[in-house]
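In: Below are the sequence and a predicted model for it; my questions follow.
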Amino acid sequence: RERERDRAPRVVKEGEREGGKPHKRTGHASFVFDDAIWIFGGRDHTRFFSDMFRFDISGRKWTYVKYRSPPPPARASFVYHLFRDRLIIYGGLGEGGPLGDMWTFDLKGKNWESIAIVGSRVPPRCFSQASAFMPREQAIYMVGGRTAARSSSSRDLVHVMWKFDLNRLVWAEVPRSSPPQLCGAPMALSLHDNSIYIFSGTDANGKQSKLLFRYRCELVASPCTLTQDLGDLLNRSQLADVVFCIQEEPGYHVVEFPAHRAIIKARCPRLYSLLDESHDRDPSPFCVADDRGGDEVGLMMG
């Protein structure tokens, strides 16, 4: 047991990086954004990672990405997709075992934010899932995975397909017309003509499969309400169309607040008029009086 504890991966602490280059790893995210290759997370034989690096394709240079907010727990073998200039991650294997949390990373603002899932029905904590992003539905489909790190039992394989609505932040179990034929890991998902193709994986007896299955998605528009739409504008920063950078005095820390012009217009006409005047010119600071004490607070619109 002591030897297993010594070999168990540990979490990489801030600053444990060699220059600007990433340490060798597996189970990490890798994607292309803004003419660069980005990687996040992963693990080696001794540790888990929560760091991020960016490789400039034209300049052929690695850069360590500095976060502006605390990152999620270190992990490997997780689900990840790009959505509206953001990286979405779910689950994976961490230091304490399988994870079931969901995070979003603003690739331009360099901020991490935990996603509050709506509803109580969520997938089990698992890792090594197969997933695919369906653009027409703006949803992530996920199937398979394992719920235990050091187990080969078929009972620890996930048989259910899940769908995550990226607009409403809701997980839902995907109904099937026939019992699931494949489960577990590894398997591969591919999209074509509104269908998901699943290849390989593990069957109910725990044996590797060579079969290819197709799941046809039915695109059904969810009903929308005015109350829900206005609530989305107020509560979800990814839908913001203006950002206020607030600084009490020169040299002080700048705090960013995402906002929405429609709500500002209804609640604060004076501030909206300032936004409207600055629409066709470069962003510049201006002052707004604090009603509580008469002091002025500097604002920079982005």
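Out: Happy to help now that I have it. Residues are numbered from 1 along each chain as shown.

In: Next, A116: phi, psi?
Out: The phi and psi values for A116, taken as degrees, to the nearest 10, are phi -80, psi 110.

In: Distance of the residue nearest to it when sequence neighbours are not counted relative to T46?
Out: What sits nearest to A116 in space, not counting adjacent residues and going by C-beta to C-beta, 6 or more residues apart in numbering, is L169, at 7.0 Å. Quick note: C-beta positions are derived from backbone N, CA and C, even for glycine. Applying C-beta to C-beta, to the nearest Å, the value for L169 to T46 is 35 Å.

In: Neighbour count for those two, which is higher?
Out: Neighbour comparison, L169 and T46: the larger count goes to L169, with 16 against 11 (by other C-beta atoms under 10 Å).

In: A helix includes A266, no?
Out: Yes - judged by DSSP: H, G, I helix; E, B strand; the rest coil, A266 forms part of a helix.

In: Just the pLDDT for it.
Out: pLDDT for A266: 79.

In: ok, how many other residues are close to it?
Out: When neighbours are counted by other C-beta under 10 Å, A266 comes out with 11.

In: quick revisit: for W38, see how far away the residue nearest to A116 is.
Out: Taking C-beta to C-beta, one finds L169 at 23 Å from W38.

In: Also R54?
Out: Distance, R54 to W38, by C-beta to C-beta: 5 Å.

In: who touches both of the two?
Out: Common contact partners of R54 and W38 (C-beta atoms under 8 Å, 6 or more residues apart in numbering): V65.

In: What strand or helix carries R270?
Out: R270 is part of helix 269-277, with elements assigned from DSSP states H and E.

In: what's the average pLDDT for that helix?
Out: Regarding helix 269-277, the rounded mean pLDDT is 77.

In: And stretch 130-146, by the same measure?
Out: Across stretch 130-146, pLDDT averages out at 87.

In: So which bits of that stretch are buried?
Out: For stretch 130-146, a neighbour-count test (16 or more other C-beta atoms under 10 Å) marks 130-134, 137, 139-146 as buried.

In: Just the closest of these to L107, please.
Out: Proximity of these to L107 (C-beta to C-beta) peaks at F133, which lies at 15.7 Å.

In: what helix or strand does the residue lying closest to that closest one once chain neighbours are set aside sit in?
Out: Leaving aside its chain neighbours, F133 sits nearest to H81 (4.5 Å; criterion: C-beta to C-beta, 6+ apart). Element membership for H81 (DSSP H and E) is strand 79-82.

In: Give the bridge partners for V170, please.
Out: Note on V170: beta-bridge partners by DSSP bridges are V118, D165.

In: Now do the contacts for it.
Out: V170 is in contact with 117-119, 164, counting by C-beta under 8 Å, 6+ apart.

In: and if we set it to 10 Å?
Out: The contact partners of V170, taken as C-beta atoms under 10 Å, 6 or more residues apart in numbering, are 117-119, 121-122, 139, 163-164, 222.

In: Tabulate those (JSON lines), appending distance to H23.
Out: Below are the contacts of V170 laid out as JSON lines (distance: C-beta to C-beta, whole Å):
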{"residue": "I117", "distance to H23": "31"}
{"residue": "V118", "distance to H23": "37"}
{"residue": "G119", "distance to H23": "38"}
{"residue": "R121", "distance to H23": "38"}
{"residue": "V122", "distance to H23": "32"}
{"residue": "A139", "distance to H23": "34"}
{"residue": "K163", "distance to H23": "35"}
{"residue": "F164", "distance to H23": "30"}
{"residue": "S222", "distance to H23": "43"}
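
In: Could you tell me which of these count as buried?
Out: Among the contacts of V170, those buried by neighbour count (16+ other C-beta under 10 Å) are 117, 122, 139, 163-164.

In: which of the residues you listed lies closest to L191?
Out: Within the buried ones among the contacts of V170, proximity to L191 (C-beta to C-beta) peaks at A139, which comes in at 11.4 Å.

In: how close does that closest one get to L275?
Out: A139 is 33 Å from L275, by C-beta to C-beta.

In: Next, please give the residue ranges for the strands of the stretch 1-150 of the chain.
Out: 10-11, 29-33, 36-40, 47-48, 52-56, 61-64, 79-82, 86-94, 97-106, 111-114, 130-134, 139-143 (DSSP state E, counting those that start in this stretch).

In: could you give the angle of the last one to strand 130-134?
Out: Read it as strand 139-143. Put simply, strand 139-143 runs at 160 degrees to strand 130-134, going by axes from the mean of the first three to the mean of the last three C-alpha atoms, to 10 degrees.

In: now the fifth one
Out: Angle of strand 52-56 versus strand 130-134, following the same axes, to 10 degrees, is 60 degrees.

In: The buried ones among the contacts of V170: which two are farthest apart?
Out: Across the buried ones among the contacts of V170 (C-beta to C-beta), the longest gap, 14.9 Å, separates V122 and A139.
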